[in-house]
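[1] Return atomic coordinates for the entry below.
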Amino acid sequence: MHDFNIAIEEYDAICYRIVDIFVKKYFNKDAERWWVADEVGGGISIDNCYFSMTDILEYMKYGYSKKDMLKRANYALACAYKNISPTNIKNYKKLK
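    Below you'll find the predicted structure:
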């Protein structure tokens, strides 16, 4: 059980580190952020924009600019309101 607890602490720390890197790239370093339902590694609100950890990783992996990241995030939100699935982050850049 001790190893599991250490692994969880490491997981939490890396999630916070990834979010810090993401925030520095796309937002003001002092951006307000909080984990949805206090679930580290789940959804996160950053200055009233909501992201999953997968989204965060993919925006950085595929080299999105801040403008393109916000444009795609707004597109995904619009799709949610229409109850349709958005194009994934990887392919969204190719469609522009």
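
[2] need the contact list for residue 74.
    By CB atoms under 8 Å, 6 or more residues apart in numbering, no residues touch residue 74. (Each C-beta comes from the backbone N, C-alpha and C, glycine too.)

[3] wait, I meant residue 57
    So residue 57 contacts residue 18 (CB under 8 Å, 6+ apart).

[4] How much space separates it from residue 45?
    Per CB to CB, to the nearest Å, residue 57 is found 17 Å from residue 45.

[5] What segments of this protein are helices?
    2-26, 53-61, 66-81, 89-95 (DSSP state H).

[6] who touches the longest one?
    Spelled out, it's helix 2-26. Counting contacts by CB under 8 Å, 6+ apart, the residues touching helix 2-26 from outside are 29, 31, 33, 40-41, 44, 46, 51, 53, 56-57, 59-60, 66, 69-70.

[7] 10 Å instead?
    29-33, 35, 39-42, 44, 46-47, 49, 51, 53, 55-57, 59-60, 64-67, 69-70, 73 (CB atoms under 10 Å, 6 or more residues apart in numbering).
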